[in-house]
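> Quick check, what structure comes out for this input:
(chains A and B)
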There are 2 protein chains.
Amino acid sequence: MEKDTLDPWGSSTIKDYSRLQKEFGIEPVAPLLPRFKKLSNHLSRGIDFGQRDLGRILDALSSNRPYAVMSGIKPDGAFHLGNKMTADDMVFFQGLSKKATVFYAIADVEAYADNGLSFDETSKTAIRNVADILALGLDPDRAVVYKQSEEMRVMRMSVIFSRGVTNNMLRAIYGERQIGLYLSALVQAGDILMPQLADFGGPKPVLVPVGADQDPHIRLARDLADKYGGEFGFVRPSAIYHRLQFALTGGYKMSKRSRESGFTLDDSPAEASKRVLSAFTGGRDTVEEQRRLGGRPDICPIFDLYRFHFGLNDEHVDRVRQECLGGTRMCGECKKEAAGLVKEFLEDHHKKRDSLMDDAKELMAKSRKLLLSAGK
Amino acid sequence: MEKDTLDPWGSSTIKDYSRLQKEFGIEPVAPLLPRFKKLSNHLSRGIDFGQRDLGRILDALSSNRPYAVMSGIKPDGAFHLGNKMTADDMVFFQGLSKKATVFYAIADVEAYADNGLSFDETSKTAIRNVADILALGLDPDRAVVYKQSEEMRVMRMSVIFSRGVTNNMLRAIYGERQIGLYLSALVQAGDILMPQLADFGGPKPVLVPVGADQDPHIRLARDLADKYGGEFGFVRPSAIYHRLQFALTGGYKMSKRSRESGFTLDDSPAEASKRVLSAFTGGRDTVEEQRRLGGRPDICPIFDLYRFHFGLNDEHVDRVRQECLGGTRMCGECKKEAAGLVKEFLEDHHKKRDSLMDDAKELMAKSRKLLLSAGK
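Numbers count the residues shown, from 1 in each chain, chains lettered A, B, ... in the order given. Predicted coordinates for the structure are as follows:
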C-alpha cells in the first residue's frame, strides 16, 4: 500500500485520513464534538477531521479565558478555496468567544522571495485578501493583521529558533530540504508562536486551522514551544486539520499552480461556473451504469464543492450524497446545480467584498498601530 | 604540514598567510600599495595582508566615485582589540574620500539569539560601541549605523538569499553546520550587500575590512552578488583582510570567551596593563639565551600590541623589532613599555569616548531616520 505523505511544499496524497492518526499522531475531532455548543459546517460534515490539543481551546472556552486563532496567507494572487476553508475556521472559532483574537499573517516576504512580487504589488493583494476574510465574516474588532515585512518579532524569533533546532530535527520533520524551505518553516513557527509573546499578553492557547498537509509546520512549532517554553513560557499550540479538497481536474489537491484545478474568489461568476461545468466527477462511464451502481461522491470534486463550501445546509449536502449514491442524481444536473450555487456565492461575495475594501484598509492600519505600540 | 583553517565561528589557525592566496584565492595587498596616496598603519606594517577586488575601491577613489565601507559588531560586551582593528580600517578608508560612506551593523538579533541579551541591554552596549568608533576617528557625517532588530531590509534579503543558495553551496563554503549558523551567514551577506540597494543609491563598490578568519562570509556574499546581480545589479563586494593578533595567553586568536587572552577598550588602564605585564611573550628561556639568540617578535603577542595598535609610528615599531631580534631588548622592559602605551591609550580613549556618548546617540537617531525614509 502506498504511504501517505505530508508535504507542505509539494503535493500531498492523503487517501486514508484515519492513518494520519497512527502515523503522525493527529487525534480525531469526533470525540470532542459533544463539547461544542454549536458546530461549524466543517465540524458537522467531517471536514475538520483531526486535531492536536484542541481540548486546550475548549478548556479556555468553558472557563472564559482568552485564546488566539492564528493563520496566514501568501499574497501572491487571489483568495482560493483553500484560503476560504482556513478563513471559515478562523471566523467560526473567533465567533465562539468574545475572548478570542485572530492573528492573520500576510506572508509578503515569502511572496517576494518565492514569486518576485514587490511589496507594492503584494500590499494591494493583501488588502483584497483581508476584504475577502471580512466578507467571510471575520470580526475586525478582535483581529490583528500583520505583514511579515513589517513585523520584526517574527523575524527575531526565527533567528532565535534557528539557533535552537538541529539539522537532524528539521530533517526528521521535513526530510532533506534546501535551507530556504527550512528557514520558511522557522518563520512560520515564529508566526504561530507570536500571539504568546509578552507583547500580546503572554502565553495562551493558540489554535491553528490548517490543511492536513501543513502538519509538519505544526509539529515544528510544538517542538519549539517545548524547547523555548522555559524562556518564553509558551504552551504548545493547538491545531485543527481540514481535509484537502479534490481538484476540479481530478487530482488530490487544488493548486494555485494549476488554474483549472479550482477557482478563486476573484474569478468572475461566469468563469467559475464554466470551470465547474467542465470538471472531473466521480460519475460512472455511462448513464445506465450510474443509475445501476450510483456515483462516487467520495472521490468527486463536485460533491466536495457542496460539502466544503456551497451546500445550503447539512441536509442539503446529505441529500446530494444520497441521491448520487442511489443513482438518481446524474453528474450533468449535479454540476449545473453546483455551478448555480457557486455563481450565486461569488456574486454575493464580490458585492460584500467591494463594500469592505475600506474596512480592510482600516483593519490593517489599526493593526499596524497596535503592533508598533505593543509591549511599549 | 597542518592545513590552515578559516572558521568564522571557531578558532582559526593561520600560520602561513601566503598560503591563503593559493588555497582560498585571497590576493596580496602589497602590489596595490603604490596606488594609495597615503598608507594606514595596517597597510605599511603588513597587517592588512590580503584583499579581494580592492582595486575596485582604488578605481572609485581615482575617479572620485562613491563607495561604501561596511562592517559590524555584535553588541555582547565591550569593544575588543579585534573590533578596534576593523574600526581603524573603516576610519582610514572613510577618510580617503568625501564620497565614502560607512555602514555599521549592530548585530543585536544575534546577540539576543546567541547570548540571550535583551534589546534593552544591547541597546546600551551599542551606544558605547558607537562612541568607541567615534573616539577612534569615525566621521559621523558619512556614517549609517543600524540595528539588525530594526532593519527589515537585511532580514528580507536573507530570506531571498535563502531561496537562492543550495545546501551544497553552503557546505562547500562552511562545511556541515547547523542551520542557525547558515542563517547567520545569510544575514551577514544581507548586511554586506545592503549598501548596494536602490534605497541607498544602488550598486557601488563596497569594502569589507575583516579578519582573515571571516573570509567564508566574504565568499558567500560575493557568490550571492553574482547570483542576484541580474535582479539587484550588485557588484561583487571587495574585502581587505587583516592578520589575527596573537592572544596574550599565547594562542592564535584573541577571543571574547577568554578574558585573559586580551583586553577591551572598556577595561581600566590599570587592569589592562596588568594583563600586558603578565602576558606570554616570544622571549627565550633565559636572559643569557635571549641576548645570544634574540627574541621572536613574530610569535609574540606583546610585539603585536606595538605593531597592530600602540607603536608610536613605523620607525618605533621597527626599532622594537630590531632590538628584540638583536637580543638587546629584554621582555621585561618591553612589556613595561607596552603596558605604558596601553595605559596612555586607554586613559585618552576613555576621556574621548565619555565626551562622545551624546554624539553616538545622535548618530544612531540620525541613522534611524535616514533608514526609515530611504527609498520613500
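
> Going by C-alpha atoms from here, please, whenever you check contacts or count neighbours.
OK.

> State the mean pLDDT of stretch A:311-322.
Per-residue pLDDT values over stretch A:311-322 give a mean of 97.

> To clarify, my last question referred to stretch A:266-282.
Here the average pLDDT along stretch A:266-282 is 95.

> list the buried ones in it?
Using 16 or more other C-alpha atoms under 10 Å in any protein chain shown as the test for burial, stretch A:266-282 gives A:266, A:269, A:272-273, A:275-277, A:279-282.

> Nearest to chain B among those?
Nearest to chain B, judged by C-alpha to the nearest C-alpha, of the buried residues of stretch A:266-282 is A:Asp266 at 28.0 Å.

> Is that closest one located within a helix, as I assumed?
No: counting by DSSP: H, G, I helix; E, B strand; the rest coil, A:Asp266 is not found in a helix; it is coil.

> quick check, nearest of the buried residues of stretch A:266-282 to B:Gly201?
The closest of these to B:Gly201 turns out to be A:Asp266 (C-alpha to C-alpha; 38.2 Å).

> before we move on, back to that, can you add secondary structure and distance to A:Gln51 and give the buried residues of stretch A:266-282 back as JSON lines?
Below are these laid out as JSON lines (DSSP: H, G, I helix; E, B strand; the rest coil; distance: C-alpha to C-alpha, whole Å):
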{"residue": "A:Asp266", "secondary structure": "coil", "distance to A:Gln51": "30"}
{"residue": "A:Pro269", "secondary structure": "helix", "distance to A:Gln51": "34"}
{"residue": "A:Ala272", "secondary structure": "helix", "distance to A:Gln51": "32"}
{"residue": "A:Ser273", "secondary structure": "helix", "distance to A:Gln51": "33"}
{"residue": "A:Arg275", "secondary structure": "helix", "distance to A:Gln51": "33"}
{"residue": "A:Val276", "secondary structure": "helix", "distance to A:Gln51": "31"}
{"residue": "A:Leu277", "secondary structure": "helix", "distance to A:Gln51": "34"}
{"residue": "A:Ala279", "secondary structure": "coil", "distance to A:Gln51": "31"}
{"residue": "A:Phe280", "secondary structure": "coil", "distance to A:Gln51": "30"}
{"residue": "A:Thr281", "secondary structure": "coil", "distance to A:Gln51": "29"}
{"residue": "A:Gly282", "secondary structure": "coil", "distance to A:Gln51": "28"}
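
> Specify which member of those residues is nearest to B:Leu363.
Nearest to B:Leu363 out of those is A:Asp266 (C-alpha to C-alpha; 48.2 Å).

> Now for the buried residues of stretch A:266-282: which two are most distant?
Farthest pair in the buried residues of stretch A:266-282 (C-alpha to C-alpha) is A:Asp266 and A:Gly282. Separation: 26.6 Å.

> which residues in chain A form strands?
Ranges of strands within chain A are A:27-28, A:48-52, A:67-73, A:100-106, A:143-147, A:206-211, A:238-242, based on DSSP state E.

> Direction included, what does the fourth one pair against?
Under the criterion DSSP bridges, strand A:100-106 sits next to strand A:67-73 (parallel), strand A:143-147 (parallel) in its sheet.

> Direction-wise, compare that strand with strand A:206-211 and give the angle.
Per axes from the mean of the first three to the mean of the last three C-alpha atoms, to 10 degrees, the angle that strand A:100-106 makes with strand A:206-211 is 50 degrees.

> cool, the last one as well?
Orientation check (the same axes, to 10 degrees): strand A:238-242 against strand A:206-211 gives 20 degrees.

> And strand A:238-242, how far out from the chain middle?
Computed by C-alpha atoms, centre = their mean, to the nearest Å, the chain-centroid distance of strand A:238-242 equals 9 Å.

> List of residues touching that strand?
Defining contact as C-alpha atoms under 8 Å, 6 or more residues apart in numbering or on different chains, one finds that strand A:238-242 is touched by A:42, A:47-54, A:56-57, A:85, A:205-212, A:218.

> same deal with the shortest one?
Among residues not part of strand A:27-28, those counted as contacts by C-alpha under 8 Å, 6+ apart are A:18, A:21, A:49-52.

> about what we covered before: would you list the buried residues of stretch A:266-282 in a markdown table and tack on distance to A:Phe92?
Listed next are the buried residues of stretch A:266-282 as a markdown table, based on distance: C-alpha to C-alpha, whole Å:
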| residue | distance to A:Phe92 |
| --- | --- |
| A:Asp266 | 23 |
| A:Pro269 | 25 |
| A:Ala272 | 26 |
| A:Ser273 | 27 |
| A:Arg275 | 29 |
| A:Val276 | 27 |
| A:Leu277 | 30 |
| A:Ala279 | 30 |
| A:Phe280 | 31 |
| A:Thr281 | 30 |
| A:Gly282 | 30 |
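
> Which of these sits closest to B:Arg171?
Closest to B:Arg171, out of all of the buried residues of stretch A:266-282 and judged by C-alpha to C-alpha, is A:Asp266, at 43.6 Å.

> Surely the closest one and A:Gly77 touch.
No: contact between A:Asp266 and A:Gly77 fails when scored by C-alpha atoms under 8 Å: they sit 9.0 Å apart.

> that older thread, and chain B, which of the contacts of strand A:238-242 contact it?
Among the contacts of strand A:238-242, no residue lies close to chain B (C-alpha under 8 Å from any C-alpha of the partner chain).

> need the contact list for A:Lys74.
Neighbour list for A:Lys74: A:106-108, A:110-111 [criterion: C-alpha under 8 Å, 6+ apart].

> What about those, which one has the most neighbours?
Of all the contacts of A:Lys74, the highest neighbour tally under other C-alpha atoms under 10 Å in any protein chain shown goes to A:Asp108, namely 29 neighbours.

> Contact partners for it?
For A:Asp108, the contacting residues are A:74-75, A:119, A:122-123, A:147-149, by C-alpha under 8 Å, 6+ apart.

> Find the nearest non-adjacent residue to A:Lys361, please.
Among residues not flanking A:Lys361 along the chain, A:Ile127 sits closest, at 6.2 Å (C-alpha to C-alpha, 6 or more residues apart in numbering or on different chains).

> Need the strands of chain A in TSV (columns: mean pLDDT).
Output for the strands of chain A, formatted as TSV (pLDDT from 0 to 100):
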stretch	mean pLDDT
strand A:27-28	94
strand A:48-52	95
strand A:67-73	96
strand A:100-106	97
strand A:143-147	96
strand A:206-211	96
strand A:238-242	96
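
> Which one, of these, ends up nearest to B:Lys343?
With distances scored as C-alpha to C-alpha, the stretch of these nearest to B:Lys343 is strand A:143-147 (51.4 Å).

> got the CA positions of that closest one in CSV?
The C-alpha trace of strand A:143-147 is given here as CSV (Å, rounded to 0.1, in the frame of the first residue of the first chain):
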residue,chain,number,x,y,z
ALA,A,143,-8.3,40.7,14.7
VAL,A,144,-4.7,41.6,14.2
VAL,A,145,-3.4,41.6,10.7
TYR,A,146,0.3,41.9,10.0
LYS,A,147,2.8,41.9,7.1
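
> Please tell me I have it right and A:Arg329 contacts A:Lys336.
No: using C-alpha under 8 Å as the test, A:Arg329 is too far from A:Lys336 to be in contact (11.5 Å).

> Comparing the two, which residue is more hemmed in?
Per other C-alpha under 10 Å, whichever of A:Arg329 and A:Lys336 has more neighbours is A:Arg329, with 20 against 15.

> mind listing what the more buried one touches?
Residues near A:Arg329 by C-alpha under 8 Å, 6+ apart: A:320, A:323.

> what residues does the stretch 51-200 of chain A put near chain B?
A:109-110, A:112-114, A:149-150, A:152, A:155-156, A:159-167, A:178-181, A:183-184.
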